[in-house]
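J.: after the sequence you'll find the predicted model.
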Amino acid sequence: MTLVGLIAAASAIHAWRLRPQLLDSQPPVAAERRHWRLVRSEPLIGVAVLAAVALLVAFPLPPRQLGEADDALAAQPACDPCPLPKPAADELPVAGQAGSEVVAGWLRRDRTGLSGTVRVSDIRGQPSRSGIDVLGATQSSCGPGCRRFRLPPAATVRVGVRDRGRRFVAELPARWRQGDSARARRLLRSAQARMRTLDSVRQTEEVTSGPGSYARTEYRLQAPDRMALKTNGGVQTVITGERQWLRTRVTPWERKSYGSGIPFSLRRWFRWTTYARAVRLLDRRREGGRPVAELALMDPATPVWMRMVIDERTGRVLRERLVTKGHFSTSRYFGFGRRTRIEAPVVG
């Protein structure tokens, strides 16, 4: 458990040190994507390199800052050698987890039911060789890790996958508000802008790469340029502008420079529009008496899928679920504007 927490922290810090270098003005999208492919290709950290926890990457974190999406862009290669298609205007792109594998769907709805394509990829992003079954559907193969299917009307599409000798079932939402994609994009942009104006916020993130791996990180974020985090493995980090400090359960606080001269920014932490090559409005409902909207986002070139819940009254993001190869995370945001104080630790 401790090692998993250290792995997650190392991944985050590596990403934070590299990402700001790409954030000065508007760097080329292609260069940013090469950066993140490199990040995700680095190997897992072993116990022997525990002392270098802040320098290596284990959990492949998807980019938060890749530049604003353009819904008119064509599909781009997303994995080698299996480029993923950009969803058509009448398709819902969603993804879930089955063991360590990504189960992604391109869903269509008509009067008689649901149809579409399901693609399953392994932890490396390659087409899965596992057994795949779209439960209750008429289906046919469309290549390795791929099924075309037809279902009666349903609220979810359930996909069974065998991964490392165990059977898992991923459930994909199959109801959305067709024709409301423009509204969904407006909600997304408004929520991102609102989150960037916060004085402070807290975030809890739970992340796994599949069965047997788990890390939980608690973040405190304070405008304009401060962050403090603590993992369930006992790793702690404090960042103030261009400075950062790190300690573990077995090492004291150590000061490091941050961001190659580009300071941490709370505004840069919130950049969901990078995932918005396709945006769909899944639902509008009430939770705890407040109106919320649930969105589905996809970028086929990373590739990454997200679902997020937005409080329509305040414009704040409440929850997000992120799926990409080797990384399944759930985040909750709370403590909006709550008084917090993040100070540099005493290094003795």
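T.: Nice, I can see it. Residues are numbered from 1 along each chain as shown.
J.: name the nearest residue to residue 320, sequence neighbours excluded.
T.: Spatially, and ignoring its direct neighbours in sequence, residue 320 is nearest to residue 308 (4.3 Å; C-beta to C-beta, 6 or more residues apart in numbering). All C-beta atoms are positioned from the backbone trio N, CA, C, and that covers glycine.
J.: can you tell me the SS state at the one you found?
T.: Using DSSP: H, G, I helix; E, B strand; the rest coil, the structure places residue 308 in strand.
J.: tell me the domain ranges of this protein?
T.: Residue ranges for the domains of the chain, per automatic domain parsing: 2-68+180-334, 92-173.
J.: dump the ones you listed to CSV, plus distance to residue 345, mean pLDDT and mean neighbour count.
T.: Formatted as CSV, the domains of the chain follow (distance: least, C-beta to C-beta, whole Å; pLDDT from 0 to 100; neighbours: other C-beta atoms under 10 Å):
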stretch, distance to residue 345, mean pLDDT, mean neighbour count
domain 2-68+180-334, 5, 79, 18
domain 92-173, 36, 96, 18
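J.: would you turn those domains into CSV with distance to residue 84?
T.: CSV is the format used below for the domains of the chain (distance: least, C-beta to C-beta, whole Å):
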stretch, distance to residue 84
domain 2-68+180-334, 4
domain 92-173, 7
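J.: between these, which one is closest to residue 347.
T.: When those are compared for distance to residue 347 using C-beta to C-beta, the nearest one is domain 2-68+180-334, at 4.8 Å.
J.: and residue 179, how many neighbours?
T.: Residues near residue 179, counting by other C-beta atoms under 10 Å, number 10.
J.: measure it to residue 90 for me?
T.: According to C-beta to C-beta, to the nearest Å, residue 179 and residue 90 sit 9 Å apart.
J.: what does residue 164 give?
T.: Distance, residue 164 to residue 90, by C-beta to C-beta: 36 Å.
J.: let me know whether the residue nearest to residue 320 touches residue 330 as I believe.
T.: No. Taking C-beta atoms under 8 Å as the definition, residue 308 is not a contact partner of residue 330, at 10.8 Å.
J.: find residues that contact each of those two.
T.: Listed contacts common to residue 308 and residue 330 are 319-321; contacts here mean C-beta atoms under 8 Å, 6 or more residues apart in numbering.
J.: using CSV, list the CA coordinates for the helix or strand hosting residue 187.
T.: Taking DSSP states H and E as the definition, residue 187 sits inside helix 181-196. The C-alpha trace of helix 181-196 is given here as CSV (Å, rounded to 0.1, in the frame of the first residue of the first chain):
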residue,chain,number,x,y,z
SER,A,181,-24.0,18.8,-27.4
ALA,A,182,-23.7,22.6,-27.8
ARG,A,183,-25.3,23.1,-24.4
ALA,A,184,-22.9,20.5,-22.9
ARG,A,185,-19.9,22.4,-24.3
ARG,A,186,-21.1,25.7,-22.9
LEU,A,187,-21.6,24.1,-19.5
LEU,A,188,-18.1,22.7,-19.6
ARG,A,189,-16.5,26.0,-20.5
SER,A,190,-18.4,27.9,-17.9
ALA,A,191,-17.5,25.3,-15.2
GLN,A,192,-13.9,25.5,-16.1
ALA,A,193,-13.9,29.3,-15.9
ARG,A,194,-15.7,29.2,-12.6
MET,A,195,-13.3,26.7,-11.0
ARG,A,196,-10.4,28.9,-12.1
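J.: show me what the helix or strand following that helix is packed up against.
T.: Scanning forward in sequence from helix 181-196 by DSSP H and E, the next helix or strand is strand 200-208. Counting contacts by 3 or more C-beta pairs under 8 Å, 6 or more residues apart in numbering; DSSP states H and E, strand 200-208 packs against strand 215-222, strand 327-334.
J.: so where does the closest residue to residue 103 other than its chain neighbours fall, helix or strand?
T.: Sequence neighbours aside, residue 170 is the residue nearest to residue 103 in space, at 3.9 Å (criterion: C-beta to C-beta, 6+ apart). Residue 170 is part of strand 166-173 when elements are defined by DSSP H and E.
J.: tell me the strands beside that strand, with direction?
T.: Within its sheet, and counting by DSSP bridges, strand 166-173 is paired with strand 156-163 (antiparallel).
J.: okay, and the beta partners of residue 173?
T.: Under the criterion used (DSSP bridges), residue 173 bridges to residue 156.
J.: can you tell me how far it is from residue 295?
T.: The gap separating residue 173 from residue 295 is 11 Å, by C-beta to C-beta.
J.: what do these two both touch?
T.: Residues touching both residue 173 and residue 295 (C-beta under 8 Å, 6+ apart): 282, 307.
J.: and the closest residue in space to residue 266 that isn't next to it in sequence, its phi and psi?
T.: Using C-beta to C-beta, 6+ apart and skipping the chain neighbours, the partner closest in space to residue 266 is residue 223 (4.8 Å). The phi/psi pair for residue 223 (degrees, to the nearest 10) reads phi -70, psi 150.
J.: thanks again, I'm all set now.
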